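Chemist: Fold the following.
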Amino acid sequence: MIMKDLGWVRARRGRTVHRKRKRRGKKYSFAISMTNAGLLHPPYLIQGNFDDDQFMEYVEDMLVPKLESGMVVFWDRLGKSGRKKHPVVQHFNPRAKKLIQEKNCKLVFLPPYGKYFNPCELVNSFLKSQLRKVYTSSPPAVTQRARTFRELQKDLEKASQKITPDICAGFFRERANGRAFKNRYGLSTK
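Modeler: This next block holds a predicted model:
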């Protein structure tokens, strides 16, 4: 039995109902890199989700040129989470790994559930909240239309300029103690 009239769905016990989620507007993704002294580059914005080619373009054009010898690059497990025997997708791409190691940098993967240890997640949240604030008084909001790609890119760059070295250092301190992970999974904070 499936009831769609009320906006909710019901299925027989043990069955899953698959339905498309309604999405408003276009989807955008951005990539950032940061140190405890600030962002390495302005956010790299694309329309849609990152595929392997776009990710490699980001690594070659934005990330690797900004790396200095001796830096440590922490990556979450984006791209099949390393579960394959020979993972090659996005963060597990051997070409990306080679480019980083050629700059004499060390590549370290965050553990599973690494988003609780990743300071970039806090930067993402900060940037998204700043974008929402800016939109309310922007020309697209006044005319009740979505922002164009260029407008969004410009607003995102303005928001990224608000991230100071002190804010980045605070994000690193926040994630270093693992408090978010402990709170999420009810572990003691002693």
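Chemist: give the contact list for residue 73.
Modeler: 63, 67, 100, 105-108 (CB atoms under 8 Å, 6 or more residues apart in numbering). Bear in mind the C-beta positions are built from the backbone N, C-alpha and C, glycine included.
Chemist: partner residues bridging it?
Modeler: residue 107 (DSSP bridges).
Chemist: what about it, distance to residue 27?
Modeler: In this structure, residue 73 and residue 27 are 26 Å apart, going by CB to CB, to the nearest Å.
Chemist: Residue 44 too?
Modeler: Distance from residue 44 to residue 27, by CB to CB: 15 Å.
Chemist: can you check residue 111 too?
Modeler: Distance of residue 111 to residue 27, computed by CB to CB: 28 Å.
Chemist: contacting residues for residue 32?
Modeler: 39-41, 43-44, 120, 123-124, 127, 160.
Chemist: Look up the closest residue to it, ignoring the ones flanking it.
Modeler: Once flanking residues are discounted, residue 32 sits nearest to residue 43: 5.1 Å by CB to CB, 6 or more residues apart in numbering.
Chemist: So that neighbour sits against residue 157, correct?
Modeler: Yes: counting by CB atoms under 8 Å, residue 157 is a contact partner of residue 43 at 7.1 Å.
Chemist: any low-confidence regions in the chain?
Modeler: Counting by pLDDT under 70, the chain contains low-confidence ranges at 1-9, 19-25, 78-88, 180-182, 184-190.
Chemist: quick one, helices of it?
Modeler: Applying DSSP state H to the chain gives helices spanning 52-58, 94-102, 119-136, 139-142, 149-160, 165-176, 179-184.
Chemist: picking up where we left off before, show me which of residue 44 and residue 27 is the more surrounded one.
Modeler: residue 44 (21 against 10; other CB atoms under 10 Å).
Chemist: how near is that one to residue 68?
Modeler: Residue 44 is 19 Å from residue 68, by CB to CB.
Chemist: same check, this time on residue 11
Modeler: Distance of residue 11 to residue 68, given as CB to CB: 55 Å.
Chemist: Ok, residue 34 next?
Modeler: Distance from residue 34 to residue 68, by CB to CB: 14 Å.
Chemist: who has more neighbours, the two?
Modeler: Under the criterion of other CB under 10 Å, the comparison of residue 34 against residue 68 puts residue 34 first, with 20 against 10.
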